[in-house]
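> Please work out how this folds:
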Amino acid sequence: MLQRAITQKIIDDCRKQKVSLLVGARRVGKTELLLQVKEHFREKCLWLNGEDVDIEQLLSVRTIANYSRLLEGKQLLIIDEAQYITDIGRKVKLMIDEIKPLHIIITGSSSFDLQQNAGEPLVGRSITNKLYPIAQMELAAVENPLQTKQKLEERLIFGSYPEILNIESLKEKQQYLQELVNTYLLKDILAFENIRNPLKIKDLLILLAHQIGKEVSNEELGRNLSLSKNTVERYLDLLSKVFVIYKRGGYSKNLRKEVVKSSRWYFADNGVRNALIGNFNFLAVRQDVGMLWENYILSERIKYHEYKHHSVNSYFWRTYDQQEIDLIEEEADVLNGYEMKWKEQAVKTPVAFEKAYPNATFQAIHQNNYQSFIV
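Numbering: from 1, shown residues only. Just a heads-up that it's a prediction; the model follows:
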């Protein structure tokens with residue numbers, strides 16, 4: 001079984017009198033990860049499933065006596081799909097405040113669910129961990145650089161969801177991703193609030209899928225979908241909270257002509273993006289290889305920083321006269337620029353960027369050097 005990058009951190013956190021929130025999209029492996037954690041603690045761990053109505057009833061009596069009986073002899077409580085339990089925040093707060101030693105892990109498919117249901121009561125008492133589709137830095141433990149390079153094209157097309165990596169048939173990979181998009185990811189979004197136009201959510205995602213690496217206007221998206229700007233913003237926010245997409249803003253510190261007000265949107269997984277547009281063709285016959293490459297590298301870079309616990313601010317950079325850089329990373333006082341190129345080629349630092357930020361570095365990320373960038 002593949003070791004996830006945050007497994008040991010979660011086990012180490014279990015020594016603290018805290019509540020851990022484990023969030024991530026459906027099917028990224030949260031339950032499998034926690035089964036490994038449970039195995040580590042064995043009889044000292046209690047596992048509850050929040051979707052089970054009996055568990056709801058078991059926790060409904062919010063008293064120290066009830067919870068002490070339930071947790072007698074336990075040091076770890078895991079509540080999977082905790083968002084389904086009414087008033088879960090106040091319940092776990094009471095447990096963590098009164099029963100010692102104890103660590104609680106609660107999971108959910110979105111930060112929105114857990115923050116809404118568990119947020120305020122857990123201020124100062126919680127640790128949040130994010131789990132993504134399988135990262136290349138995790139796969140590096142079970143494959144060598146040559147194997148990684150050989151599998152690159154497939155990962156650009158089908159992504160890195162755990163089950164995808166274990167499916168051999170290309171047709172079955174396609175079917176899995178289409179089911180994932182239609183049944184699981186969109187199900188999370190529609191479960192939030194009263195979405196009047198559920199098909200518009202998918203249409204919005206398809207529009208974004210064709211604009212990777214480009215600035216996106218909410219007003220233009222609204223016109224194309226016959227939706228108001230506010231509705232588009234609301235849908236984008238929901239899609240971010242269930243980890244389907246994420247936003248990049250523009251970087252600017254010196255120049256008036258730098259673009260800062262617009263945003264670029266990327267997908268957390270290439271396979272989901274390709275399933276939305278119904279294109280699983282191989283790279284030789286595709287016109288969007290540059291988009292696939294940029295989306296893949298930026299998503300893997302997020303996983304890398306998250307799992308390494310780096311405090312990095314990420315942006316794109318562009319001027320109104322079309323000088324641009326795909327990724328700007330700001331860490332403390334250090335500024336680094338990166339341009340994503342599928343094929344290795346000489347790339348010069350944009351003149352305006354070099355003049356404005358003379359101490360910054362600049363590098364092209366391509367097939368021959370990308371592994372060290374994300375591993």
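
> which residues in the stretch 251-375 of the chain form strands?
263-267, 313-318, 324-331, 334-340, 361-365 (DSSP state E, counting those that start in this stretch).

> which parts of the last one are buried?
Judged by neighbour count using 16 or more other Cβ atoms under 10 Å, the buried positions of strand 361-365 are F362, A364, I365. Any C-beta I mention is one placed from the backbone N, CA and C, and that applies to glycine too.

> sorry, back to before: let's have the strands of the stretch 251-375 of the chain in TSV, adding distance to I277.
Output for those, formatted as TSV (distance: least, Cβ to Cβ, whole Å):
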stretch	distance to I277
strand 263-267	11
strand 313-318	22
strand 324-331	21
strand 334-340	20
strand 361-365	24
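
> Who are the contact partners of K200?
Counting by Cβ atoms under 8 Å, 6 or more residues apart in numbering, K200 makes contact with L225, L227, Y235.

> Work out for me the element it sits within.
In the assignment (DSSP states H and E), K200 maps to helix 198-209.

> which one among the buried residues of strand 361-365 gets closest to V289?
I365 (14.3 Å; Cβ to Cβ).

> Am I right that the closest one is in contact with N336?
No: with contact defined as Cβ atoms under 8 Å, I365 does not reach N336; the gap is 11.1 Å.

> After the helix holding K200, which helix or strand is next?
strand 215-216.

> Of all the residues in the helix or strand that that next one is followed by, which ones are buried?
Proceeding N to C from strand 215-216, the next assigned helix or strand is helix 218-225, under DSSP H and E. Neighbour counts over helix 218-225 (16+ other Cβ under 10 Å) mark N218, L221, G222, L225 as buried.

> Turn those residues into a markdown table, including pLDDT and distance to F353.
Output for those, formatted as a markdown table (pLDDT from 0 to 100; distance: Cβ to Cβ, whole Å):
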| residue | pLDDT | distance to F353 |
| --- | --- | --- |
| N218 | 92 | 27 |
| L221 | 94 | 28 |
| G222 | 95 | 32 |
| L225 | 95 | 34 |
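
> which of these lies closest to I206?
Distance ranking of the buried residues of helix 218-225 against I206, using Cβ to Cβ, places L225 first at 10.0 Å.

> Could you check how far that closest one is from D203?
Distance check for L225 against D203: by Cβ to Cβ, to the nearest Å, it reads 6 Å.

> same thing with S228?
Separation of S228 from D203 (Cβ to Cβ): 15 Å.

> Look at these two and report which has more neighbours.
D203 (18 against 12; other Cβ atoms under 10 Å).

> Quick check: that one touching S226?
No: here D203 does not reach S226: they are 9.7 Å apart, not a contact under Cβ under 8 Å.
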